[in-house]
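quick one, fold the following:
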Amino acid sequence: MPSHLTAAVVRSVNSGRAVEHDWAGKATRTAIDKRPVEGTVTVRTLGITGDEQADTARHGGRDQAVYAYAREDLDRWQEHLGHPLRDGRFGENLTTRGIDPSQVRIGERWRIGTVLLEATLPRVPCRTFQAWMDEPQWVKRFAAEGRAGIYLRVLEEGELAAGDTITVERPDHDITVYRAAQARDDRDLDLLNRVLELPDPADKWRQEAAKVAKRLNRVV
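Here you go, the predicted structure:
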């Protein structure tokens, strides 16, 4: 049976609109600049009302509707980088307090306000993130740390707000989002196949498993 825990809160809810920037010497449209919003927000199947994703080929969609990042991990990055990082700086919709993302399992469910979310994928850093942070080799450093944050899909639409408790329901398997991401990098096809056997895995896991299988000359 799943275990139920109540040990975390939403520190801030962050939203942003897509705008034009000239980072990296060419025009780029991005909504990575998320800022905390006040009051209650509505969450729909494709994300927080009022929030945007500019590159819909890589961001957003059902499996990446909401992006969460831990305030504890932002604090660690502050120490590494030597300057403050506000909530929303990494483009996250939810800045959390009290959840260890490294322990979040695929299919784990978060009840926040009247919204029900389900953990699906880790973030994969991109060139826009590199340009936004303006730190040397940022993508490589961010990926190497393994604190990528968690994407979630919306199972039940509703409303939530900063300060809401996060009630966690964990599935009865042991595959965390971060562990599955490491399996992709380590070409651990057996573990990726286990991910595909979970209820309603994100489409990207099937794509990653197919890539690994091709490299290993095996069948998914």
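
please make it C-alpha for all contacts and neighbour counts, starting now.
Will do.

so where do the strands sit in the chain?
Taking DSSP state E, the strands of the chain run over residues 3-15, 19-21, 28-30, 35-36, 41-44, 47-48, 66-70, 94-97, 109-112, 115-122, 150-156, 158-160, 165-170.

quick one: residues in contact with stretch 15-24.
Under the contact criterion C-alpha atoms under 8 Å, 6 or more residues apart in numbering, stretch 15-24 has outside partners 27-37, 48, 50-54, 88, 93, 131-132.

which ones among those map onto helices?
In helices, judged by DSSP state H, the following of the contacts of stretch 15-24 are found: 131-132.

among the contacts of stretch 15-24, name the buried ones.
28-36, 48, 51-54, 88, 93, 132 (16 or more other C-alpha atoms under 10 Å).

which intervals of this structure have sub-threshold pLDDT?
1-6, 23-27, 56-57, 219-220 (pLDDT under 70).

so what's P84 closest to, chain neighbours aside?
Q78 (5.5 Å; C-alpha to C-alpha, 6 or more residues apart in numbering).

how about G163?
Closest to G163 by C-alpha to C-alpha, 6+ apart is V10, at 5.3 Å.

helices and strands around the lengthiest helix in the chain, which ones?
Ranked by number of residues, the top helix in the chain under DSSP H is helix 203-216. Helix 203-216 sits against helix 177-186, helix 189-196, with contacts defined as 3 or more C-alpha pairs under 8 Å, 6 or more residues apart in numbering; DSSP states H and E.

nearest to E157, of those?
helix 177-186 (22.7 Å; C-alpha to C-alpha).

buried ones in the closest one?
For helix 177-186, by 16+ other C-alpha under 10 Å, it's 177-181, 183-184.

next, the angle strand 115-122 makes with that helix.
Counting by axes from the mean of the first three to the mean of the last three C-alpha atoms, to 10 degrees, helix 177-186 lies at 20 degrees to strand 115-122.
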